[in-house]
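>>> what would the 3D arrangement of this be:
(4 chains)
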Number of protein chains: 2
Amino acid sequence: MSRTANPPGAIPSVADGVIEVLRERITAGVYALGSRLPSERDMAQEFGVSRATIRQAILALEARGLLEVRDRSGAYVQAPTTGRVSDALLQLISQTPRSITIRDLVEVRMVFEVEMAGLAAERRTREDLRQIARALADTAALVDSVEDWAEADVEFHGALARATANPLFAIIYDSLRSAFIEQRMRTGTTLPETRAAAFRWHQRIFDAVGTGDAAGARRAMHEHLLDARQTMLRYATGDIDGVSQPQGST
Amino acid sequence: MSRTANPPGAIPSVADGVIEVLRERITAGVYALGSRLPSERDMAQEFGVSRATIRQAILALEARGLLEVRDRSGAYVQAPTTGRVSDALLQLISQTPRSITIRDLVEVRMVFEVEMAGLAAERRTREDLRQIARALADTAALVDSVEDWAEADVEFHGALARATANPLFAIIYDSLRSAFIEQRMRTGTTLPETRAAAFRWHQRIFDAVGTGDAAGARRAMHEHLLDARQTMLRYATGDIDGVSQPQGST
DNA sequence: TTCCATATTTGGTCTGACCAGATTGCCGCA
DNA sequence: TGCGGCAATCTGGTCAGACCAAATATGGAA
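As a prediction, this is how the structure comes out:
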């Protein structure tokens, strides 16, 4: 795996050593999840290095999502989130030579989500159903706000992913999610009637999942995505290459 | 999207400002891909901040995969790789509460590799075929070395992913790849006869892709994975929760 | 016991310095 | 003129010590 991008021959820096030790302590639970690490000054003393080096190590671990540094408070052990994955993925997508088109995106969704719907129908628990139902209700209630609706829509599909009882699906979906959104999948969903149509599809999917009708769920999801693709392609301005890199808000 | 993990209320630090400017310059091409950024000292002067701050910004961008810092040489603009994504994904997987099992992994592969095989059969170019063939030949030639064989095997599936003509598939596959490997999918592939069996499946898949037989390719891949799952489950020691975090080589 | 002022701690930033390897450029030899 | 090699220079890595302002902890007053 790609370590800290240290070419095999390179001399591991002092900071790398600190990073390694800290990482071990974190995964070993010496520094429990949510707990605060010793202050930079204390660690510098303990490791016998300068504060600058400790600082570099902490920053690296923060970038990797293992720590959260709160200004004037301390560094806290953080549970990894899908955010890191999707950030990296988004960045990758935005710089892919042959840019990712709407068609590509829908194709991938088609592959994953159709099967996800089927698995969800087979395995969903009562709690899963409750969450899916809530998301469904939200899409109906928030149909007037493009932003809120998009969020609810994503949540609906996310709940479906979780209902597959396979955490990998949820992880993958979450990772792609920001890409989906960022790439203004909304292209077509800015129209109220599009959102209304989506609701009807969602309803069908939900019913199938609820009754444990895997084949029906797959079929409904498949048709939903076919329909969505058509709508999006119609309103798309073309390829989505210039993925809007998030702009700093300063 | 999750910025630099800056809570909305937080005061953006000086370093954050520098990060933002540098990032813009990189994406805008002011600092071209592969080129070297000014030295830390020069930038510190230009931005009117201390070298420590510049350093922090550079480290952050390195962690995000935008830069590669070479000791005593400089910081170079780097093309993003799937490595970042898979690192993050691997970390995420290794810390998921309900640990990821072999069954989960194969299920995900089943979902998208089957479809990938089909798409590859429909769209593969002559060049794609050549690469797939080469990987196939490698798996046969390297059948005696577990390590080399695993690499070639992964390459075979990777070439298939690229042949779908949808870059997202290749990206996703590459991102999952290290997870697949790390999680010692090899559990069953350490046996020579397993590798021999895999070769026969690969051959069938290759033939179907070569003749443009999408349905056949899907079927062959499906059966290949079913077979692989059975083998792996038989030799698996159980769930793979303690995902081997890569150990520092020091 | 409650609450607020004060003292302490903590991360963020700055300055200035040294090290050792990478880079560059110049000089002398062929 | 061409080129190999040595030395000055440059660069990132690390260290030391200091100041700031906000977050926290402390202790005493109400």
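>>> just the helices in chain A please.
A:14-28, A:40-47, A:51-63, A:82-94, A:102-123, A:126-141, A:146-162, A:167-182, A:192-210, A:214-235 (DSSP state H).
>>> tell me which residue of chain A lies closest to chain B.
residue A:63 (3.1 Å; CB to the nearest CB). C-betas here are computed from N, CA, C, even on glycine.
>>> near DNA strand C, which residues of chain A are found?
A:37-42, A:51-52, A:55, A:69-75 (CB under 7 Å from any atom of the strand).
>>> between these, identify the one with the most neighbours.
residue A:75 (26 neighbours; other CB atoms under 10 Å in any protein chain shown).
>>> isn't it up against residue A:68?
Yes. Counting by CB atoms under 8 Å, residue A:68 is a contact partner of residue A:75 at 7.2 Å.
>>> and for the residue of chain A closest to chain B, nearest residue in space, chain neighbours not counted?
The shortest distance from residue A:63 to any non-neighbouring residue, by CB to CB, 6 or more residues apart in numbering or on different chains, is to residue B:63 (3.1 Å).
>>> for the one you found, give me its contacts.
A:59-60, A:63-64 (CB atoms under 8 Å, 6 or more residues apart in numbering or on different chains).
>>> mind doing that once more with 7 Å?
Shown in contact with residue B:63 (CB atoms under 7 Å, 6 or more residues apart in numbering or on different chains): A:60, A:63-64.
>>> now tabulate those in TSV and tack on pLDDT.
As requested, the contacts of residue B:63 are exported to TSV (pLDDT from 0 to 100):
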residue	pLDDT
A:60	93
A:63	90
A:64	89
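>>> tell me which of these is nearest to DNA strand D?
residue A:60 (10.1 Å; CB to the nearest atom of the strand).
>>> neighbours around that closest one, how many?
Other residues within reach of residue A:60, judged by other CB under 10 Å, total 22.
>>> what does residue A:215 give?
So residue A:215, with other CB under 10 Å, has 10 neighbours.
>>> excluding chain neighbours, what is closest to residue A:110?
Using CB to CB, 6+ apart, the closest residue to residue A:110 is residue A:225 (5.0 Å).
>>> neighbours of the one you found, how many?
Residue A:225 has 19 neighbours, counted by other CB under 10 Å.
>>> list the contacts for it?
Residue A:225 neighbours (CB under 7 Å, 6+ apart): A:106, A:109-110, A:113.
>>> swap in residue A:91?
Counting by CB under 7 Å, 6+ apart, residue A:91 makes contact with residue B:80.
>>> with residue A:76 instead?
A:34-36, A:67-68, A:70.
>>> now do 8 Å
Residues in contact with residue A:76 (CB under 8 Å, 6+ apart) are A:34-37, A:67-70.
>>> model confidence for residue A:175, exactly?
Note for residue A:175: predicted pLDDT of 81.
>>> pLDDT weak spots in chain A?
A:1-11, A:96-98, A:181-190, A:235-250 (pLDDT under 70).
>>> what do you get if the cut-off is 90, keeping everything else the same?
Applying pLDDT under 90 to chain A flags the ranges A:1-15, A:27, A:29, A:64, A:79-106, A:142-154, A:167-168, A:170-198, A:227-250.
>>> quick check, residue A:222 in contact with residue A:112.
No. Assessed by CB under 8 Å, residue A:222 is found out of contact with residue A:112, at 11.9 Å.
>>> cool, thanks, signing off.
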